[in-house]
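1. A predicted structure for the sequence below; I have some questions about it.
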Amino acid sequence: MNTATIKHYIDFASASGFPYMLIDAGWALAERSGPQDYAALADITRVTPDIDMPALLRYAKEKNVRLWLWAHWTSVDKYMDQAFPLFE
């Protein structure tokens, strides 16, 4: 997962008339034991270095698409007080 790939899916959502596009597991910084370890506790206040979230938000807005971020409930539970004001 990286900025270019997510832009591709934003383009698809825009061309399809979808109002939202989901950024799935892997966007938040986490210690993972392998590439499929999506249940690892991720710090949802920090984005993995391969993703430029501010650029994606600007790009999606230009394309009239809003972004949803997926997060495992354990990460939301741990970081809710810090993350939700940040996301707002």
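-> Nice, thanks for sending it over.

2. give me the below-cutoff pLDDT ranges for this protein.
-> Along the chain, segments meeting pLDDT under 70 span 32-40.

3. could you pull out the helices for it?
-> Using DSSP state H, the helices of the chain run over 3-16, 53-62, 73-87.

4. out of those, which gets nearest to residue 43?
-> helix 73-87 (6.4 Å; CB to CB). Backbone N, C-alpha and C define where each C-beta goes, glycine included.

5. going by contacts, tell me the helices and strands next to the closest one.
-> Where contact means 3 or more CB pairs under 8 Å, 6 or more residues apart in numbering; DSSP states H and E, helix 73-87 is packed against strand 42-47.

6. ok, the strand it packs on: who's next to it in the sheet?
-> Strand 42-47 has its sheet partners listed here by DSSP bridges as strand 28-30 (antiparallel).

7. just to revisit the earlier point, make CSV out of the helices of the chain and add mean neighbour count.
-> Shown next, in CSV, are the helices of the chain (neighbours: other CB atoms under 10 Å):
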stretch, mean neighbour count
helix 3-16, 15
helix 53-62, 14
helix 73-87, 13
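
8. could the ones you listed be laid out in TSV, adding distance to residue 42?
-> As requested, the helices of the chain are exported to TSV (distance: least, CB to CB, whole Å):
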stretch	distance to residue 42
helix 3-16	16
helix 53-62	14
helix 73-87	5
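
9. spit out the contact partners of the nearest residue to residue 65 once chain neighbours are set aside.
-> Nearest non-adjacent residue to residue 65, counting by CB to CB, 6 or more residues apart in numbering: residue 13, 4.7 Å away. Neighbouring residues of residue 13 by CB atoms under 8 Å, 6 or more residues apart in numbering: 20-21, 63, 65.

10. just give the number of residues close to the residue nearest to residue 14 when sequence neighbours are not counted.
-> What sits nearest to residue 14 in space, not counting adjacent residues and going by CB to CB, 6+ apart, is residue 63, at 3.9 Å. Using other CB atoms under 10 Å, the number of residues around residue 63 comes to 16.

11. how close does residue 63 get to residue 85?
-> As judged by CB to CB, to the nearest Å, residue 63 and residue 85 stand 26 Å apart.

12. then residue 2?
-> Computed as CB to CB, the residue 2 to residue 85 distance reads 27 Å.
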